[in-house]
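# predicted model and sequence below, questions to follow.
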Amino acid sequence: MPVQKSLNCGKEKFFLWFSNMEDCQMKKVRNLQKLIPLLPLLLLAILFIFLPIISMIQKSFLSPETGAFTLNNYKNIFTDSIYQVATSNSLYLSFTSTIIGLVLSFLIAWAVNELGKNGQSRMLSMLNMVSNFAGLPLYFSFVVILGNTGIFVLALRAIGIQLSTVFRLYSIQGLLLMFIYFQLPLGSLMLVPAFQAVDSSWKEAAEILEASPFHFWTRIGIPVMLPSLLDTFALLFANAITAYATVLLLVTTSIPLLPVKITTMFTGEMTPQKEMGSALAIWMILIMLAVICICNLLKKLACKGGEQV
């Protein structure tokens, strides 16, 4: 009898082990099945993101004349004035438009959040539509309104005001205005959910304690929204520093900017300079990644600070 019980116990353990193994295998199969729909996306990422970046990294270390390994392409970025100006212009436009865009997007998202459900739905639809209004349509809109013979310019000229003395569309001022314009809908769409995450009961508690709206937002609302604000800042910055179509249409190559300079080096102003263009592209990617990493670090610090409180 003890032997029989031992055999039965052994059989039960074996069947239990076999059953667990079968469950594990089934889970693995189900997990693999879930990944199958992502294969086209992975393939596109490999073909159009990772392989081009790897190719640019390789070319950026090659000499245009000999094809030998060199660091001169990166050295030129920091020593050649044209690349220094392109970098400073891109950083100025990106940071300025991102900061202004973030502040204005915050106010727009706050206003949208204060509307009823129907109003929010209409405004979100409008923001979605406006966010896709870039490139050629945006260029023509600004030219019609603020160009040398634009509606607004002619209207001011008729009453004796020369707008060109303080603002010119075909300049870095015009670019900044355009950058701010296409930052607003994107930033607002990202911040509306962040406002909805601020619990209305917190506002009620602040009102009971006779705290002003300013104190509520500076001490509770904005700290709670800080991770979303940092994510929005990073996205808006990346959106600005890589902007190309509208820039090229408005100022062509008269104002040096990194995306335009990179493109002209690949397509060739006179002769293509793909090695130098690759180095500039990697430089722009590194700037973008640095800003994203700093925002992520600040977000982690903000989350840790919130947990401690």
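Structure received.

# can we go C-alpha only for contacts and neighbour counts from here?
Fine.

# and the protein, what are its domains?
2-39, 80-308 (automatic domain parsing).

# out of the ones you listed, which one sits most buried?
Greatest average neighbour count among these goes to domain 80-308 (a mean of 17), per mean count of other Cα atoms under 10 Å.

# quick check: mean pLDDT across it?
Mean pLDDT, computed over domain 80-308, is 88.

# between the domains of the chain, which gets nearest to residue 68?
domain 80-308 (11.1 Å; Cα to Cα).

# picking up where we left off before, now the domains of the chain in JSON lines, with distance to residue 69?
Below are these laid out as JSON lines (distance: least, Cα to Cα, whole Å):
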{"stretch": "domain 2-39", "distance to residue 69": "36"}
{"stretch": "domain 80-308", "distance to residue 69": "11"}
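
# quick check: what element follows whichever strand or helix holds residue 142 along the chain?
Here residue 142, judged by DSSP states H and E, is contained in helix 136-146. Following helix 136-146 in sequence order, the next helix or strand is helix 151-158 (DSSP H and E).

# helices or strands up against that following helix?
Using 3 or more Cα pairs under 8 Å, 6 or more residues apart in numbering; DSSP states H and E, the elements in contact with helix 151-158 are helix 136-146.

# got the angle for the helix it packs on vs helix 151-158?
Here the directions of helix 136-146 and helix 151-158 differ by 10 degrees (axes from the mean of the first three to the mean of the last three Cα atoms, to 10 degrees).

# for helix 136-146, name the packing helices and strands.
When contacts are defined as 3+ Cα pairs under 8 Å, 6+ apart, helix 136-146 packs onto helix 151-158, helix 245-251.

# and the next helix or strand past the longest one?
Looking back up the chat, that one is helix 151-158. For helix 151-158, the succeeding helix or strand toward the C-terminus, using DSSP H and E, is helix 172-196.

# contact partners of that following helix?
With contacts defined as Cα atoms under 8 Å, 6 or more residues apart in numbering, helix 172-196 is touched by 93-94, 96-98, 100-102, 104-106, 108-110, 112-113, 124, 127-128, 130-131, 133-134, 167-169, 225, 228-229, 232, 236, 239-240, 247, 250, 255.

# likewise for stretch 114-128?
By Cα under 8 Å, 6+ apart, the residues outside stretch 114-128 that reach it are 112, 113, 185, 186, 188, 189.

# try it again at 6 Å.
112, 185 (Cα atoms under 6 Å, 6 or more residues apart in numbering).

# tabulate the CA atom coordinates of that stretch in PDB.
Below are the C-alpha coordinates for stretch 114-128, written out as PDB (Å, rounded to 0.1, in the frame of the first residue of the first chain):
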ATOM      1  CA  GLU A 114     -13.800  74.200 -18.600                       C
ATOM      2  CA  LEU A 115     -16.300  73.600 -21.400                       C
ATOM      3  CA  GLY A 116     -19.100  71.100 -21.300                       C
ATOM      4  CA  LYS A 117     -18.900  67.700 -23.100                       C
ATOM      5  CA  ASN A 118     -20.300  69.000 -26.400                       C
ATOM      6  CA  GLY A 119     -18.000  72.100 -26.300                       C
ATOM      7  CA  GLN A 120     -15.000  69.900 -25.600                       C
ATOM      8  CA  SER A 121     -15.800  67.600 -28.400                       C
ATOM      9  CA  ARG A 122     -16.200  70.400 -30.900                       C
ATOM     10  CA  MET A 123     -12.900  72.100 -29.700                       C
ATOM     11  CA  LEU A 124     -11.000  68.800 -29.800                       C
ATOM     12  CA  SER A 125     -12.200  68.200 -33.400                       C
ATOM     13  CA  MET A 126     -11.100  71.700 -34.300                       C
ATOM     14  CA  LEU A 127      -7.700  71.300 -32.700                       C
ATOM     15  CA  ASN A 128      -7.300  67.900 -34.600                       C
END
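
# which of the helices and strands packed on helix 136-146 sits closest to residue 45?
Nearest of these (Cα to Cα): helix 245-251, 22.3 Å.
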